[in-house]
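In: predicted model and sequence follow; I will ask about them next.
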Amino acid sequence: MDIGDPLDPVPSNAYGAAAAQPGEWNAISSGTSAPMIDLAGMLTRVTLTMGPNSADFGFDNLATTGDDEALMDDAADIYPGPETYTITGLGDGDYEILTYAWAPDSDLDHLDVEVVGSPDPIQNVGGAWLGSHAQGVTYARHRITVSGGSAVTLNLIEFNFELMTVNGLQIVKVNVGAAFCFGDGTAEVGGGPVDCPCLNESTLGAGEGCRHSLGYGAGLRGTGSSSFADDDLNFEISGAIPNQPSLLVQGGSMIATPFKDGVFCMGGPTERVEVVILDGSGEGATVTSMVTNGNIPGPGATRYYQAWYRNPGGVSPCGNGSNFTNGLIVLYN
């Protein structure tokens, strides 16, 4: 979210800022309540509500250029402080909130940022532009868990009677689990790298499974948490074949062997956890209990996950009719 005069330029969708999260930027006028768009530019149910003490402010800092300038040189000027911003509509899960609070017109002005309920403390932000973003200079970073649709509250607190400025926010969903078993020719469990079945490797470093008929691989990520007691872990599939069925597979050990059009990485004992029907974008998500369906014995258990999806045999790269995402390692706590 780029806070300030909405007529000023916003960063390009290639700009990831300190979160390294490129995508469409919301242009938000100070002191308003506005719905948010996501990284793809689609309207969401997430809303940012700013307090009444924020007014649009801009200053041309000669040290900032390009997308940095677009984000940081327009802002909300807050007076009097303190001020409260509220984010509602986020889905349950773990997030990082990056609050940009740098005064483009003064190296001397600072602001204290608090995210209520975060394990991270109040953070003081301000100082001279260093040529790129730096925590404590241009932004604060706080972790927060949203549960039951809870709101996220940011308190913006005056520091030592100095002027208060907020340039923008980034909200980053934190993935659960460690990714492994990529279809880029690097998958291995100690015996050396394993190639995809018909040299259909995906782009090195893309974090996907082997390439399917659309020319790229599919991905798997975890959301929610790895808490055994909360049992709120879900898996999201992306980049697979639209409108096709997929199956989330769980393993008790790791292997790496070419199978169908991909690399299968779930060693025994295995569980077929949940069928997910992919949408028109090749995306889908689980909705059932991983603890129950995966027969998880308790905290401390490590399990390995992968999605197996259909790619009709007439067009799939190796002609075998199905493929796999990358894998994820989850340690339940």
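Out: Thanks, I have it. Residues are numbered from 1 along each chain as shown.

In: now do the strands in the stretch 151-300 of the chain.
Out: 152-158, 164-166, 168-173, 178-180, 219-223, 234-238, 245-259, 262-277, 284-285 (DSSP state E, counting those that start in this stretch).

In: would you mind putting these into TSV with mean neighbour count, distance to Thr138 and mean pLDDT alongside?
Out: From N, CA and C alone the C-beta is placed, and that goes for glycine too. Formatted as TSV, the strands of the stretch 151-300 of the chain follow (neighbours: other Cβ atoms under 10 Å; distance: least, Cβ to Cβ, whole Å; pLDDT from 0 to 100):
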stretch	mean neighbour count	distance to Thr138	mean pLDDT
strand 152-158	20	15	96
strand 164-166	27	11	96
strand 168-173	20	10	93
strand 178-180	16	29	91
strand 219-223	22	28	91
strand 234-238	21	31	93
strand 245-259	18	40	96
strand 262-277	19	40	96
strand 284-285	20	34	92
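
In: and Glu236, how close does it get to Val152?
Out: Glu236 sits 21 Å away from Val152, going by Cβ to Cβ, to the nearest Å.

In: next one: Asn326
Out: 30 Å.

In: low-confidence bits of the stretch 1-150 of the chain, can you list those?
Out: Filtered on pLDDT under 70, the stretch 1-150 of the chain yields no residues whatsoever.

In: mind redoing it with 90?
Out: Across the stretch 1-150 of the chain, the ranges flagged by pLDDT under 90 are 5-7, 20-22, 31, 38-40, 42, 80-81, 91-95, 119, 143, 145-149.

In: just the strands in it please.
Out: Using DSSP E, counting those that start in this stretch, strands in the stretch 1-150 of the chain cover 2-3, 27-28, 33-37, 43-50, 54-58, 74-78, 83-88, 93-100, 111-115, 123-125, 139-146.

In: closest to Glu162 out of those?
Out: strand 111-115 (7.5 Å; Cβ to Cβ).

In: partner strands of the closest one and their direction?
Out: strand 123-125 (antiparallel), strand 152-158 (antiparallel) (DSSP bridges).

In: quick one: those as TSV, columns for distance to Gly280 too.
Out: TSV is the format used below for the strands paired with strand 111-115 (distance: least, Cβ to Cβ, whole Å):
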stretch	distance to Gly280
strand 123-125	42
strand 152-158	31
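
In: Val46 is nearest to which of those?
Out: Among these, if distance is taken as Cβ to Cβ, the winner is strand 152-158, at 9.8 Å.

In: per-domain residue ranges of the chain.
Out: 2-173, 178-331 (automatic domain parsing).

In: quick check: end-to-end length of the longest one?
Out: Right, the one you point to is domain 2-173. 18 Å (Cα to Cα, to the nearest Å).

In: from the chain's centre, how far out does that domain sit?
Out: 17 Å (Cα atoms, centre = their mean, to the nearest Å).

In: and what of the shortest one?
Out: Using Cα atoms, centre = their mean, the distance from the centre of domain 178-331 to the centre of the chain it belongs to is 18 Å.

In: contacts for stretch 207-220?
Out: Identification of contacts with stretch 207-220 by Cβ atoms under 8 Å, 6 or more residues apart in numbering yields 179, 181-184, 196-197, 200-203, 206, 235-241, 261-263, 282, 305-307, 309, 311-312, 315-317, 323-328.

In: try it again at 6 Å.
Out: If you take Cβ atoms under 6 Å, 6 or more residues apart in numbering as the criterion, stretch 207-220 is touched by 179, 183, 196, 200, 202, 235, 237-240, 262, 307, 311, 315-316, 323-326, 328.

In: next: stretch 80-92.
Out: With contacts defined as Cβ under 6 Å, 6+ apart, stretch 80-92 is touched by 45-51, 53, 146-147, 151-158, 164.
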